[in-house]
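*Asks:* coordinates only, sequence not included:
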C-alpha cells in the first residue's frame with residue numbers, strides 16, 4: 001500500500017520537473033533514472049558496510065557516486081554537468097548488470113537548469129533502497145500519470161481491474177505467468193503479489209522456500225514492442241524484488257522467436273488499434289486476420305499450456321463483429337478455451353478512453369470438458385464512470401468474482417456448470433452459441449428479456465455504448481460573445497441547433513470546464529425544464545458546450561453517432577424514456593442509461609443511417625414542392641373573384 005510520505009515525494013518530484021519537462025512520460029523516465037541511480041549507490045554503501053566492495057560506482061565510475069554528486073561546495077552547474085555525464089555514460093559501466101544498462105540506454109537530461117536539478121536530486125535523496133516494497137508501490141503510482149498512449153491503442157488498466165482479473169485467473173507459485181503486451185508490468189506485479197499473499201501465514205511470514213522463490217522469479221515474463229515500456233517494466237519489476245526480470249522488447253504479432261514459449265497463466269490488456277492497412281503477422285497464427293485485437297486473443301489462446309488460464313481485456317467488437325476472422329476466433333474460443341465473458345461498462349478507462357470493453361476468461365481444462373459459458377455484466381466497478389472516476393459505494397466486481405470462484409469449484413466437483421446456481425450471471429450452452437452461426441458472445445442475445453424488442457441484434461444498456469454527462473453551471477461565465485453554450489431553447493423540434501438563439505460563455509470559463517464540452521457527433525437530450533426530452537445532435541467542429549440542463553451522449557467505438565441519435569429519437573426509445581421523466585422540475589432521472597438499445601454491427605448501422613438520410617432529403621424536396629404549390633393557391637383564389645383571368649393567373653404561377 002502506497003504510504004502518504006512516499007506519495008508526497010513522488011508528487012514533489014513531478015512538481016519540480018513539470019516546468020522543464022511537461023510531458024508526463026518524460027517525467028516518469030527522469031524519476032525512474034534518478035531512483036535507480038540512487039539505489040545503485042545505496043547497494044554499494046550496503047556492500048561496504050558488510051565488508052565488501054563497491055561495484056556500481058567503482059574505478060572510473062567512482063566519480064559519479066551519489067555522495068560526490070550531492071557534496072556541499074559543488075556548484076549548480078558542476079552538479080548538472082556531472083549528473084548529465086553520469087546518466088549518459090552509465091550504459092558503458094562494466095560494473096552494472098544488463099538490466100540497469102537497459103534502463104539507462106539512451107538516457108539524457110532534457111533541461112539545463114541547475115536549480116531544477118538540485119531541487120529534484122534533493123527529493124530523490126529522500127528515497128532509500130531498504131524500503132524497496134514501498135518504492136515499488138510508489139513506482140506503480142508514478143506510472144499512473146502516464147495516461148493514454150493513444151497512437152498505439154494502449155492505455156493504463158486501472159489497478160482494481162487488474163487485481164480483479166488476476167484473482168479470477170488465480171496464478172499459483174509454480175505457474176509460468178506471461179503478459180505479451182506488458183506495458184509497465186502492472187499485471188505481472190499484481191500476479192506476483194497474489195501469489196505472495198496466497199503463501200503468507202497468519203503471522204505475516206511468507207511460506208516459500210529459497211528454491212520456490214528462485215523459480216517464482218524465473219516464471220514471470222513480459223513482452224512489449226516499445227523500448228520505453230520495456231525500460232519502465234524492468235524498473236517496476238526490479239523495485240518489486242525481481243533482480244533479473246525477464247522483460248523483452250518483442251513484437252508479439254510479427255516476430256516468431258518466442259512462438260514456442262508457453263505459459264500457465266496469461267494476463268493482458270493488449271493494444272486495440274491496428275495501423276493503417278492492418279498488422280502484417282507471420283503465418284503461425286490459427287486465425288487469418290490483420291486486426292491486432294483478433295491476433296492478440298488468438299496468440300494468448302494458442303500459448304496456454306494444456307491446463308492454462310487467461311484473462312484478457314478486449315474491445316466489445318470482438319464479441320459480435322461479423323467479419324470472418326472475428327467469427328473464426330470466437331468459434332475457436334467457444335470450442336476449446338472460453339469459460340466466461342464479463343462485460344465492463346463504458347467509462348472504466350476514463351479519462352483516457354471511452355471504449356466499451358469486456359474481459360474474456362479462458363481455462364483450457366474447464367472448456368475442454370465443459371459444455372457451458374458464463375456471462376456477467378458489470379454495471380458499477382466502485383468508481384464513477386465519468387471523467388473524474390471518484391469512488392462510489394456500488395461495486396459489482398466482488399460479487400462476480402465470488403460467483404465465478406463458486407462456479408469453477410462447482411464444475412471441478414461435478415464436471416458441469418449446468419446446475420450451478422448464479423445470482424448475477426447467465427449460463428449458456430455452447431451448442432446454443434454455435435447455433436447462431438456467428439458465435440455471438442454478447443450476453444443480451446441469450447438473455448430472455450421482455451423489454452428486448454430486437455430479435456436480430458443484441459440489446460445493450462445505453463450507458464454501455466456512450467458516455468453520459470451533463471453540462472456544468474455557468475457560474476458567471478455568461479457573456480454576449482464567446483463559446484456557444486447550448487440549452488433546451490437552442491435545440492429545435494427537428495434536433496437542429498438554433499444558432500440565432502445561442503447563448504455564450506467566456507473562453508476562460510470554457511477552458512476550466514470539467515464536463516459538458518462538446519465534440520462533433522455528441523447527442524444532446526434536454527434533461528429538465530419546459531423542453532425536457534428534446535433531442536439534438538451537434539455536427540460542428542467549433543468549440544461549444546452544453547449547460548446544466550442538457551445531457552450529452554458521446555458514442556463509443558461500437559455505435560455511430562448518427563445511429564445513436566436516431567435511436568434516441570425513435571418512438572420505441574422515447575416510450576421507454578417516459579418513466580424516467582419526473583416532470584419538468586425533476587427532469588430525467590440519470591438512470592435512463594440503463595435502458596436497452598439495439599446494437600447491430602457497424603455496417604448495418606451505416607445502412608440504417610444512410611436510409612434515414614435519404615428519406616430526410618426526400619422530405620426536404622417534398623417540403624419545397626409543397627411550399628411551391630401553396631404559392632399557387634392565392635392566384636387561383638383571385639380567379640374565383642374575377643380579379644385575374646386564366647392567362648394572368650398562369651403567368652403569375
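*Replies:* That came in fine, so what should we check first? This is a predicted model, so every value here is computed, not measured.

*Asks:* what domains does the record give for the protein?
*Replies:* Listed by automatic domain parsing, the domain ranges of the chain are 4-131, 147-448, 463-600, 614-652.

*Asks:* per-residue confidence averaged over the lengthiest helix in the chain?
*Replies:* Longest helix in the chain, counting residues (DSSP state H): helix 602-640. Averaged over helix 602-640, pLDDT sits at 82.

*Asks:* now do the buried residues in that helix.
*Replies:* 602, 605, 608, 609, 635 (16 or more other Cβ atoms under 10 Å). All C-beta spots, glycine's among them, are computed from the backbone N, C-alpha and C.

*Asks:* pull the contacting residues for the first one.
*Replies:* In other words, residue 602. Shown in contact with residue 602 (Cβ atoms under 8 Å, 6 or more residues apart in numbering): 317, 321, 558, 560.

*Asks:* give me that answer again for 6 Å
*Replies:* With Cβ atoms under 6 Å, 6 or more residues apart in numbering as the criterion, no residue contacts residue 602.

*Asks:* where's it relative to residue 400, distance?
*Replies:* Relative to residue 400, residue 602 is positioned 28 Å away (Cβ to Cβ, to the nearest Å).

*Asks:* show me the helices in the stretch 1-150 of the chain, by range?
*Replies:* Using DSSP state H, counting those that start in this stretch, the helices of the stretch 1-150 of the chain run over residues 4-17, 24-49, 66-70, 76-89, 98-104, 114-124, 132-143.

*Asks:* can you map out the strands along the stretch 501-650 of the chain?
*Replies:* 503-505, 523-526, 535-537, 545-546, 550-555, 596-598 (DSSP state E, counting those that start in this stretch).

*Asks:* adding mean neighbour count, mean pLDDT and distance to residue 443, write those out as a markdown table.
*Replies:* Formatted as a markdown table, those follow (neighbours: other Cβ atoms under 10 Å; pLDDT from 0 to 100; distance: least, Cβ to Cβ, whole Å):
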| stretch | mean neighbour count | mean pLDDT | distance to residue 443 |
| --- | --- | --- | --- |
| strand 503-505 | 19 | 86 | 42 |
| strand 523-526 | 24 | 91 | 24 |
| strand 535-537 | 23 | 90 | 27 |
| strand 545-546 | 28 | 89 | 32 |
| strand 550-555 | 22 | 91 | 20 |
| strand 596-598 | 22 | 87 | 11 |
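
*Asks:* go through the ones you listed and name the closest to residue 457.
*Replies:* The closest of these to residue 457 is strand 596-598. By Cβ to Cβ, the value is 4.4 Å.

*Asks:* before we move on, the earlier item: least reliable of the helices of the stretch 1-150 of the chain by average pLDDT, please.
*Replies:* When I compare the helices of the stretch 1-150 of the chain, helix 132-143 is least confident, with a mean of 61.

*Asks:* pull the residues that contact the strand or helix carrying residue 485.
*Replies:* Here residue 485 sits within strand 483-486, counting by DSSP states H and E. Identification of contacts with strand 483-486 by Cβ under 6 Å, 6+ apart yields 502, 503, 504, 505, 507, 510, 543, 544, 545, 546, 547.

*Asks:* ok, back up a step: now the helices of the stretch 1-150 of the chain as JSON lines including mean neighbour count and distance to residue 252?
*Replies:* Putting the helices of the stretch 1-150 of the chain into JSON lines (neighbours: other Cβ atoms under 10 Å; distance: least, Cβ to Cβ, whole Å) gives the following:
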{"stretch": "helix 4-17", "mean neighbour count": "17", "distance to residue 252": "31"}
{"stretch": "helix 24-49", "mean neighbour count": "20", "distance to residue 252": "22"}
{"stretch": "helix 66-70", "mean neighbour count": "17", "distance to residue 252": "38"}
{"stretch": "helix 76-89", "mean neighbour count": "16", "distance to residue 252": "30"}
{"stretch": "helix 98-104", "mean neighbour count": "18", "distance to residue 252": "19"}
{"stretch": "helix 114-124", "mean neighbour count": "18", "distance to residue 252": "34"}
{"stretch": "helix 132-143", "mean neighbour count": "20", "distance to residue 252": "21"}
